[in-house]
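> Next comes the sequence, and after it the predicted model I'd like to discuss.
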Amino acid sequence: MHAENIRIQIIVDNEAQDGLQAEHGFSLWLEIDGKKILFDTGQLDAFLYNAKQLHIDLGETDTLVLSHGHYDHTGGLADVLACNHSVDVYCHAAAFLPRYSIRDGIAKPIKMTTRAMASINTLSEERMHWVTKSINIANSTAITGEIPRKVAFETSDGSFYFDQDGKRADAIVDDMALWVNSSQGLIICIGCCHAGIINTINHIKKTSGVSKIHALIGGLHLTGVDESRLTQTIALLKQENIDKIITCHCTGDTAHQRLREQLKAEKGFAGMAFQITP
């Protein structure tokens, strides 16, 4: 079975069209056969501002999926829950853990904000869905659950930790992606892709039983990766023959340029939209 009517729009990204705000964060709005799904909620003010400018009524959200627990993907969580008392929320329990990014010896807290975490307590048990394995959330639409890390070169960049001293590494096991099975193939939506884009694709193809990928949209977390990883990633993406690649958020300028040159990838921005209809 395929989803028939699909519309996807970027609410928050590092870049934005005229009239919208850009910020270091990510959020997608999906309309799948009448079901309205929010995938991540940006970082700060851009989320609410852009949603209003794009005439997206967050109160109509049926399902909210958090790709992982970092602040730049969960900032608008409390705002959605404040205006919507029926939305179902899907995320991994690890999304609420304390977390830090350590670069050049400086620890930066990157966990979900206290306000966002507190808002979860307003939900009934029936509306809060803790995810570890793949689960369907709408017509031909599912989220991955934990993504197995099997590709040797897709290792962590070594900057994420559960403590400020850098003694407890954080593998970000809560990283999840969403996919829609359309008549043209899979549409894969990713937040930061900490699990690695090839690991993510392999897991989704195996879980869904569908091999054709029509579109890939989101952050690929390729900022600052070495040449070997970038080259291997592009080579394997070429083998997938993906019709549309939209790179966002944490992909990085160098990676985007290479993906544009070799795979005709487009650079995403807040306000960008595409759709599939029968």
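It's in. Bear in mind the structure is a predicted one, so any value in this text is a computation, not a measurement. Numbers count the residues shown, from 1 in each chain.

> what are the ranges of the strands in the stretch 151-278 of the chain?
160-161, 177-182, 185-190, 213-219, 244-248, 266-267, 273-276 (DSSP state E, counting those that start in this stretch).

> Same list, these, but as JSON lines with mean neighbour count and distance to Asn14 please.
All C-beta spots, glycine's among them, are computed from the backbone N, C-alpha and C. Below are those laid out as JSON lines (neighbours: other CB atoms under 10 Å; distance: least, CB to CB, whole Å):
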{"stretch": "strand 160-161", "mean neighbour count": "18", "distance to Asn14": "19"}
{"stretch": "strand 177-182", "mean neighbour count": "25", "distance to Asn14": "19"}
{"stretch": "strand 185-190", "mean neighbour count": "25", "distance to Asn14": "15"}
{"stretch": "strand 213-219", "mean neighbour count": "24", "distance to Asn14": "9"}
{"stretch": "strand 244-248", "mean neighbour count": "22", "distance to Asn14": "7"}
{"stretch": "strand 266-267", "mean neighbour count": "17", "distance to Asn14": "10"}
{"stretch": "strand 273-276", "mean neighbour count": "14", "distance to Asn14": "17"}
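
> what's the closest of those strands to Trp130?
Proximity to Trp130 (CB to CB) singles out strand 177-182 among those, at 16.3 Å.

> The closest one - contacts with which helices or strands?
Using 3 or more CB pairs under 8 Å, 6 or more residues apart in numbering; DSSP states H and E as the contact definition, the elements that strand 177-182 packs against are strand 27-32, strand 141-143, strand 185-190, helix 197-208.

> make it 7 Å
strand 141-143, strand 185-190, helix 197-208 (3 or more CB pairs under 7 Å, 6 or more residues apart in numbering; DSSP states H and E).

> Let me know the pLDDT of the closest residue to Glu31 other than its chain neighbours.
Of all residues beyond its chain neighbours, the one nearest Glu31 is Arg7 (4.4 Å), with distances taken as CB to CB, 6 or more residues apart in numbering. Per-residue pLDDT puts Arg7 at 97.

> rewinding a little: what's the most buried one of the helices and strands packed on strand 177-182?
Neighbour counts (mean count of other CB atoms under 10 Å) averaged over each of the helices and strands packed on strand 177-182 peak at strand 185-190, with a mean of 25.

> send the alpha carbons of it over as PDB?
The C-alpha trace of strand 185-190 is given here as PDB (Å, rounded to 0.1, in the frame of the first residue of the first chain):
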ATOM      1  CA  GLY A 185       9.400   5.000  -3.800                       C
ATOM      2  CA  LEU A 186      10.400   5.800  -0.200                       C
ATOM      3  CA  ILE A 187      10.500   9.300   1.100                       C
ATOM      4  CA  ILE A 188      13.000   9.400   3.900                       C
ATOM      5  CA  CYS A 189      13.100  12.300   6.400                       C
ATOM      6  CA  ILE A 190      16.000  12.700   8.800                       C
END
